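Chemist: the following comprises the amino acid sequence and a computationally predicted model.
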Amino acid sequence: MRQTLAAWEERLPATHFLRVHRQTIVSLPRIEGFAHDDEETTSLRVTGLREPVRARRAHWPELSARLAARAQLGVGLKPAAGAEVLIDGTRETLDAKWTYWTGPRFASALPIKWPIVPDPVDGGTAVKTDDPAAVGGKYGSADIVTKKAYRDFRLHVEFLVVNPGGNSGVYLQNRYEIQICDRDATTHGMGAVINETPSPYFAYKGLGQWNAYDIQFRAARFKDGVLTEPARVTMYFNGIKVHANQRINQVWGGANSGIDGGNDGGKGITDTPGGLKL
């Protein structure tokens, strides 16, 4: 049966199919991942196809929304049953769950100086990364870390960048940084496993908007104290899968960046759990 692509769009259920190019409709459940080629196209990996499917940038807003809806991830996600809430925009939770990381560059002092501010989008309150000791962007001078340490975990974190070029990060186990950096699409940019993957900058909503990372982290594995498997991470950025079982090779940034940063140039990973650090 021969039909136009427009006719197929009418016939196929919109919950499962989407047009991503003037010549292509894809099945959303079969999208396994993607790679951002340039400013105009993205390659989709589709189950059952040897070659990637090209998606035009004009279709990304709709495609992103559909993928996020299917994954039930992204901004506004409610805590799952039994989940531990580490930040809720209140001073009580901040002081109860977090403390400063006292690394070699630490320059602040308890209580935590990060202010509680009005949420600029949704009302309520939020925690702001604005410690006087960290003026000038000195990482490690006023970082906060959870009082509880973790090995394997799932994490949902939402963030809003206020200023152009705003730079922060989410450190898994106080070791491995998932970068938050406005206007940077390099391996040091937004959403990158710092210095190890390209930035999935296309998934970023921009300044003044809430964004979300949904992370599945698997800690490094050891046998008799010897590293046998590196840490790995899978991450959805605003509901879009951007890292799939990504190997993390080392801690970057030296001793000021977190646990093991000063061990063998960041490659000397130890079998020690660590907190989440911001």
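Modeler: Noted; the coordinates are in hand.

Chemist: how many residues are close by Val127?
Modeler: Using other C-beta atoms under 10 Å as the criterion, Val127 is surrounded by 21 other residues. All C-beta spots, glycine's among them, are computed from the backbone N, C-alpha and C.

Chemist: Trp210 now?
Modeler: 18.

Chemist: likewise for Arg247?
Modeler: If we define neighbours as other C-beta under 10 Å, then Arg247 has 13 of them.

Chemist: nearest residue to the spatially most central residue of the chain other than its sequence neighbours?
Modeler: Ranked by distance to the mean C-alpha position of the chain (C-alpha atoms, centre = their mean), the top residue is Tyr213 at 3.7 Å. Among residues not flanking Tyr213 along the chain, Val157 sits closest, at 5.2 Å (C-beta to C-beta, 6 or more residues apart in numbering).

Chemist: quick check: that neighbour vs Leu172, distance?
Modeler: Using C-beta to C-beta, to the nearest Å, Val157 is found at 11 Å from Leu172.

Chemist: anything in contact with each of these two?
Modeler: Taking C-beta atoms under 8 Å, 6 or more residues apart in numbering as the contact rule, Val157 and Leu172 both touch Ile215.

Chemist: neighbour-wise, which of these two wins?
Modeler: Leu172 (26 against 16).

Chemist: tell me the contacts of that one?
Modeler: Leu155, Ile178, Ile215, Phe217, Ala231, Val233, Gly274, Leu276.

Chemist: in helices only, show me the residues you listed.
Modeler: Among these, the subset assigned to helices under DSSP state H is empty.

Chemist: among those residues, which are in strands?
Modeler: Leu155, Ile178, Ile215, Phe217, Ala231, Val233 (DSSP state E).

Chemist: okay, the residues you listed in TSV with neighbour count and pLDDT next?
Modeler: TSV is the format used below for those (neighbours: other C-beta atoms under 10 Å; pLDDT from 0 to 100):
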residue	neighbour count	pLDDT
Leu155	18	97
Ile178	24	98
Ile215	20	97
Phe217	21	96
Ala231	24	98
Val233	21	97
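
Chemist: including distance to Arg56, could these go into JSON lines?
Modeler: Converted to JSON lines, the ones in strands among the contacts of Leu172 look like this (distance: C-beta to C-beta, whole Å):
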{"residue": "Leu155", "distance to Arg56": "32"}
{"residue": "Ile178", "distance to Arg56": "28"}
{"residue": "Ile215", "distance to Arg56": "29"}
{"residue": "Phe217", "distance to Arg56": "33"}
{"residue": "Ala231", "distance to Arg56": "35"}
{"residue": "Val233", "distance to Arg56": "29"}
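
Chemist: farthest pair within those?
Modeler: Leu155 and Ala231 (13.4 Å; C-beta to C-beta).

Chemist: what's the overlap in contacts for these two?
Modeler: Common neighbours of Leu155 and Ala231 (C-beta under 8 Å, 6+ apart) are Leu172, Phe217.

Chemist: these two touch, right, Glu39 and Ala58?
Modeler: No: Glu39 is not in contact with Ala58 according to C-beta atoms under 8 Å; the separation is 11.3 Å.

Chemist: re the thing from before, which of the contacts of Leu172 sits closest to Thr187?
Modeler: Ile178 (12.2 Å).

Chemist: hey, what's the closest one bridged with?
Modeler: Counting by DSSP bridges, Ile178 is bridged to Val170, Val193.

Chemist: surely it and Gly169 touch.
Modeler: Yes: using C-beta under 8 Å, Ile178 makes contact with Gly169 at a distance of 6.4 Å.
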